[in-house]
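A.B. asks: the following block contains a protein sequence and its predicted model.
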Amino acid sequence: KAGVTQTPRYLIKTRGQQVTLSCSPISGHRSVSWYQQTPGQGLQFLFEYFSETQRNKGNFPGRFSGRQFSNSRSEMNVSTLELGDSALYLCASSLASGLVVAKNIQYFGAGTRLSVL
Amino acid sequence: GDSVTQMEGPVTLSEEAFLTINCTYTATGYPSLFWYVQYPGEGLQLLLKATKADDKGSNKGFEATYRKETTSFHLEKGSVQVSDSAVYFCALGGGSNYKLTFGKGTLLTVNP
């Protein structure tokens, strides 16, 4: 079974631009979560999508947005890029979300490393 | 809110040494606890988990026991290998938590 696939693996952008990152979850998984990893702040939760709906959101500005398609694939968009947005963006998928722990174990992709110049 | 504190390291050991990475947590309710590992240039891999108090998670020689009384989930391995060199993250989540809350990570380097 294929794992979580994130594309592209590396991106270089300049300040003010926007960027879209893609995540294909494990087949059958319906929940997709996004995390930002930086040396200073560590791993921080961005948002979670389930059945094409954003169900939860972390403490990030509105420049960070996402969506999920009917096949559970998800995209994350960052507009008006800032230098501080340089990070490794990780996507995680799980079968479901909520109280059943066995179904919400999160499996991570390799990440997209974004550099903002 | 929920939080995870783990020793930040770096930790440097010789091959076959004993490993302990401390992890303590603060949470409401009854979270599940996880250890994830990140090898250079890769994403996170689930190493082991425990879903309730006194559960022991184990995988690839690594073990951790969910201690509710001390709010801890320390990672141990009896004999590390060079291939264990990576960053290890303690995390809590599950139950009513929709997200994982991570510690800062501990860099482990194992020398031959």
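C.D. replies: Great, that's in hand.
A.B. asks: what are the phi and psi values at residue A:84?
C.D. replies: Dihedral angles of residue A:84 (phi, psi; degrees, to the nearest 10) stand at phi -70, psi -10.
A.B. asks: what are the ranges of the strands in chain B?
C.D. replies: Along chain B, counting by DSSP state E, strands occupy B:3-6, B:11-14, B:19-21, B:23-26, B:32-38, B:44-50, B:56-59, B:62-65, B:75-77, B:86-94, B:97-102, B:106-111.
A.B. asks: want to try TSV for the ones you listed, with mean neighbour count, distance to chain A and mean pLDDT as columns?
C.D. replies: Where you see a C-beta, it was placed from the backbone N, CA and C, and this is true even at glycine. Shown next, in TSV, are the strands of chain B (neighbours: other CB atoms under 10 Å in any protein chain shown; distance: least, CB to the nearest CB, whole Å; pLDDT from 0 to 100):
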stretch	mean neighbour count	distance to chain A	mean pLDDT
strand B:3-6	18	10	94
strand B:11-14	14	17	97
strand B:19-21	18	15	97
strand B:23-26	18	14	95
strand B:32-38	25	5	94
strand B:44-50	20	4	94
strand B:56-59	15	12	96
strand B:62-65	20	15	98
strand B:75-77	20	17	98
strand B:86-94	24	4	91
strand B:97-102	22	4	80
strand B:106-111	17	11	96
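A.B. asks: please tabulate those in CSV, including the columns distance to residue A:112.
C.D. replies: Rendered in CSV, the data for the strands of chain B read as follows (distance: least, CB to CB, whole Å):
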stretch, distance to residue A:112
strand B:3-6, 24
strand B:11-14, 28
strand B:19-21, 27
strand B:23-26, 28
strand B:32-38, 15
strand B:44-50, 14
strand B:56-59, 27
strand B:62-65, 28
strand B:75-77, 28
strand B:86-94, 18
strand B:97-102, 18
strand B:106-111, 22
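A.B. asks: wait, which of the ones you listed is closest to residue A:59?
C.D. replies: The closest of these to residue A:59 is strand B:97-102. By CB to CB, the value is 11.2 Å.
A.B. asks: who does that closest one pair up with?
C.D. replies: strand B:86-94 (antiparallel) (DSSP bridges).
A.B. asks: got the angle between the partner strand and strand B:44-50?
C.D. replies: Inter-element angle recorded for strand B:86-94 and strand B:44-50: 60 degrees (by axes from the mean of the first three to the mean of the last three CA atoms, to 10 degrees).
A.B. asks: give the buried residues for the least confident helix or strand in chain A by mean pLDDT.
C.D. replies: Least confident helix or strand of chain A, by mean pLDDT, DSSP states H and E, is strand A:53-57 with a mean of 88. Buried residues in strand A:53-57, counting neighbours by 16 or more other CB atoms under 10 Å in any protein chain shown, are found at A:56-57.
A.B. asks: partners of that strand in the sheet?
C.D. replies: Strand A:53-57 is paired, per DSSP bridges, with strand A:42-50 (antiparallel).
A.B. asks: chain center to the partner strand, what's the gap?
C.D. replies: 7 Å (CA atoms, centre = their mean, to the nearest Å).
A.B. asks: quick one: mean pLDDT for it?
C.D. replies: Mean per-residue pLDDT for strand A:42-50: 92.
A.B. asks: quick one on the thing from earlier: could I have the least confident helix or strand of chain A exported to CSV, CA atoms only?
C.D. replies: Only the C-alpha atoms of strand A:53-57 are listed here, as CSV (Å, rounded to 0.1, in the frame of the first residue of the first chain):
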residue,chain,number,x,y,z
THR,A,53,-14.5,19.9,5.1
GLN,A,54,-12.1,21.8,7.3
ARG,A,55,-12.8,20.5,10.7
ASN,A,56,-10.1,22.0,12.8
LYS,A,57,-7.6,24.9,12.4
